[in-house]
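S.K.: Sequence and computational prediction follow.
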Amino acid sequence: MTTTLAPPATIAFIGLGMMGRPMAKRLIEAGFTLRVFDVSQKAVSDFVGAHPSALATASAKAAAQGAAALITMLPDGKIVRQAVLEGQDPAIEGLEAGAVVMDMSSSNPVDTQKLARDLAARGVALLDAPVSGGVKRAIDGSLSIMVGGAAADLERTRPVFGAMGKTITLCGPAGAGHALKALNNYLSAAGLVAMCEALVVGEAFGLDPGTMVDVFNTSTGKSNATEVKGRQFVVPRNFAAGFTTALMAKDLRTAGDVARHLKLKMPHLEQAVSYWTAADGKLGKGADHTEIFRYAEMLAEEKA
Ligand code: NAD
């Protein structure tokens with residue numbers, strides 16, 4: 001019989017970036033004991049400086065030692081595989097049999113299915129548990145968490161997820177959470193580009209962008225983009241949503257990979273993959289995904 005992971009259970013947390021930091025903070029505030037690691041030593045020292053109860057470690061293996069669960073919040077699934085299984089001092093060398101790995105990154109679901117099999121062979125369970133809601137909802141602990149894996153593993157880790165998210169949905173077996181996340185971000189990206197193109201056209205016609213967003217929000221054009229990105233990040237041009245164009249482009253490529261893996265022809269999705277990959281190259285390293293508005297403006301300049 002497995003025990004439920006309630007506070008003060010020890011959790012290893014790998015990846016203290018834009019999302020990892022506030023998520024790890026929520027776990028500490030809930031009473032969990034944290035062992036943290038990031039390849040950026042500054043990320044680790046800043047985190048431990050702000051949260052002295054967390055233990056800084058020098059590798060994924062060291063973070064994993066004595067932990068009942070290990071959370072990864074890393075850029076992509078290839079990096080997760082390195083950190084957990086194949087890189088230098090990987091977590092698997094520190095984890096005990098019976099531990100559970102919770103990959104909360106937005107990883108490729110086909111890679112996740114393989115990782116789940118490889119970890120199971122070592123006596124370690126995997127839950128894919130990507131999140132939606134961005135930095136704001138990571139801070140207030142109201143993320144939407146999409147879980148793939150065994151129901152029993154979700155039940156034993158529910159208090160851990162509960163400290164970070166409000167909606168926790170079991171989507172299916174290993175990889176199901178990652179597949180749903182990539183498809184969710186396809187919708188999110190499509191809505192954002194549609195809003196940005198509408199704003200560029202509307203402005204050229206003489207419409208006020210703020211008024212346009214307000215009207216979308218009381219009309220059928222309403223979407224996550226118009227509600228939480230228009231007035232907040234695009235119209236004032238601060239582009240400070242905290243999620244990069246590079247990560248969104250990766251999510252689009254993941255969604256495209258899933259469709260191709262299943263031999264499904266999806267022309268609009270393929271166009272979105274090309275659009276975001278090109279935008280990522282053009283906007284430069286670190287560009288926020290809401291800067292896709294600047295990319296829409298650049299393309300508009302080329303004239304139809
Ligand atoms: P980020 O780039 O801010 O953070 C990633 C962190 O991982 C960095 O601190 C980096 O130093 C660390 N890292 C990289 N390689 C490592 C390794 N091998 N070992 C240990 N640490 C390593 O990214 P983020 O915005 O926090 O996103 C993390 C994940 O969450 C991504 O998969 C992203 O797609 C997803 N996501 C992000 C958001 C958002 O709004 N930012 C929302 C939902 C999901």
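M.R.: Looks like it arrived, so ask away.
S.K.: Excluding chain neighbours, give the residue nearest to Pro7 in space.
M.R.: Gly31 (3.1 Å; C-beta to C-beta, 6 or more residues apart in numbering). Where C-beta positions appear, they are placed from N, C-alpha and C, glycine not excepted.
S.K.: residue contacts, the residue in the stretch 151-300 of the chain that the ligand sits nearest to?
M.R.: In the stretch 151-300 of the chain, no residue comes nearer to the ligand than Phe243, which is 3.3 Å away by C-beta to the nearest ligand atom. Contact analysis of Phe243 by C-beta atoms under 8 Å, 6 or more residues apart in numbering lists 18, 134-135, 288-289.
S.K.: can you check Ser106 too?
M.R.: Ser106 sits in contact with 76, 130, 178, 181-182, 185, 247, 250-251, 254, where contact means C-beta under 8 Å, 6+ apart.
S.K.: Report whether it is found in a strand, as I expect.
M.R.: No: the assignment for Ser106, made by DSSP: H, G, I helix; E, B strand; the rest coil, is coil rather than a strand.
S.K.: Now do the phi/psi pair for it.
M.R.: Backbone torsions of Ser106, given as degrees, to the nearest 10, read phi -90, psi 90.
S.K.: Please see if the longest helix along the chain touches the ligand.
M.R.: Using DSSP state H to define each element, the chain has its longest helix at helix 176-205. No: if you take C-beta under 6 Å from any ligand atom as the test, helix 176-205 misses the ligand, and the best it gets is 7.4 Å.
S.K.: Buried residues of that helix, list them for me.
M.R.: Residues 176-186, 188-200, 202 are the ones in helix 176-205 that count as buried (16 or more other C-beta atoms under 10 Å).
S.K.: still on that earlier bit, what would the contacts of Ser106 look like in JSON lines with pLDDT?
M.R.: Below are those laid out as JSON lines (pLDDT from 0 to 100):
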{"residue": "Asp76", "pLDDT": "96"}
{"residue": "Pro130", "pLDDT": "98"}
{"residue": "His178", "pLDDT": "98"}
{"residue": "Lys181", "pLDDT": "98"}
{"residue": "Ala182", "pLDDT": "98"}
{"residue": "Asn185", "pLDDT": "98"}
{"residue": "Leu247", "pLDDT": "96"}
{"residue": "Lys250", "pLDDT": "97"}
{"residue": "Asp251", "pLDDT": "97"}
{"residue": "Thr254", "pLDDT": "98"}
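S.K.: Farthest pair within those residues?
M.R.: Between any two of the contacts of Ser106, the greatest separation by C-beta to C-beta is 13.8 Å, found for His178 and Leu247.
S.K.: Next, the contact list for the residue nearest to Ala300 when sequence neighbours are not counted, please.
M.R.: The shortest distance from Ala300 to any residue other than its chain neighbours is 5.0 Å, reached at Val200 (C-beta to C-beta, 6+ apart). Counting by C-beta under 8 Å, 6+ apart, Val200 makes contact with 293, 296-297, 300.
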